[in-house]
Each structure stands twice: as structure tokens, then as C-alpha cells.
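1. structure, please.
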Amino acid sequence: MENKKQAVIYYSLTGNTKLVAELIAKEADADLIEIEMEKPYTRFSAAIKGVFQVFRQSKPRITNDIDLTNYDRIYIGTPVWCSTYVPPINTVIRNVDFEGKELLFFCTHKGGMGKTFKHFRDILKDSKILGEKDFLDVSKNDPTNAVSEWIGLVKIRKVQK
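-> Predicted coordinates:
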């Protein structure tokens, strides 16, 4: 069962989501795929342009050619902006073929994940969604144990949706 080829796809502006993605990849023995934007955000542009793009449900150009053909299980990670996933993740989930893949979602936030997971489920409703996990303020709360516990549950198929 756990011989599945796995990948962790994520976007991170500040490094918080990257930290969690790296821990998940290590714990799950998964490949790590960082989403890279053609025109990367700065913290300033994220606060203005990024927020505007969230509300418009924009799909900014990314430089990655994401091919999931050889993967069975995909973890998708995002910081939470305006109560949902970030625009680069929107690009991925709307343009990449997830048919036949097992999906797990994770997010990082500083106090509210909003409707992030609901929005994932709404867009990827025809996919096999195994679970989701949020990580609160990982700059202050070490996520290592929470990641280990979550991946342990994933391995025995006791994750929650």
C-alpha cells in the first residue's frame, strides 16, 4: 500500500509552507515540487496584487511544467490568503490533471484557514480526496510532531476530511 509514488506540491512566500512541505516530503518519502511563478510576488506585491488575484480567482503564470503522470498520491500545500488558497495554487489545481490521484491538502496560516479546504474540495470534487490538515503559525509552533502524526494517520488511512 505505501509503495505509492508521492509528491508534495506547494507554494510559499515567507517560508512557512515550505517548512511544512519539506517535513511532509521527508516523513512520507515524497518528491518535493515548489511552484515557481514567472513574476514572483514580493511581500509588498502579495499584499496588493496577490490579494486582488485571490478575489479574481486569477491563474498567474508559473514556470514549472508539472507532470504528475508517475505519482499516485499528491499533497498540495498553500499559505492562506483572504481565507483561501493562493493564486499560484489556483493555477496548478485548474491546469494539472489529477485524475486517478489520491489528494491531500495542507495549509499554513496565522489564525484562520477560512474556506481553504472547502474551496479545494469544490474545485477538485471529482478527485479522490483523502484528507486535509492545517498548521497554525509555524513560525512560532514547531510543526514537526503535527506533520509526523498526520502522515502516520495517512499511512494507516485514518485521515479526516
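2. show me what contacts the residue nearest the centre of the chain?
-> Closest to where the C-alpha atoms of the chain average out (CA atoms, centre = their mean) is residue 77, at 1.4 Å. Applying CB atoms under 8 Å, 6 or more residues apart in numbering, one finds that residue 77 lies in contact with 8-12, 17, 20-21, 24, 105-108. In short, each C-beta sits where N, CA and C put it, glycine included.
3. phi, psi for it please.
-> Residue 77 adopts backbone torsions of phi -120, psi 140, taken as degrees, to the nearest 10.
4. go on, the one 10 residues further on?
-> Backbone torsions of residue 87, given as degrees, to the nearest 10, read phi -50, psi -40.
5. about what we covered before: run through the bridge partners of the closest residue to the residue nearest to the centre of the chain other than its chain neighbours.
-> Using CB to CB, 6 or more residues apart in numbering and skipping residues adjacent in sequence, the residue nearest residue 77 is residue 10, 3.6 Å away. Counting by DSSP bridges, residue 10 is bridged to residue 34, residue 77.
6. can you pull out the strands in the chain?
-> Secondary structure of the chain (DSSP state E): strands at 6-10, 31-34, 73-79, 102-109, 128-136.
7. out of the ones you listed, which is closest to residue 42?
-> strand 73-79 (14.5 Å; CB to CB).
8. now do that closest one against strand 128-136, angle only.
-> Inter-element angle recorded for strand 73-79 and strand 128-136: 30 degrees (by axes from the mean of the first three to the mean of the last three CA atoms, to 10 degrees).
9. what's the spacing between strand 73-79 and its chain's center?
-> 3 Å (CA atoms, centre = their mean, to the nearest Å).
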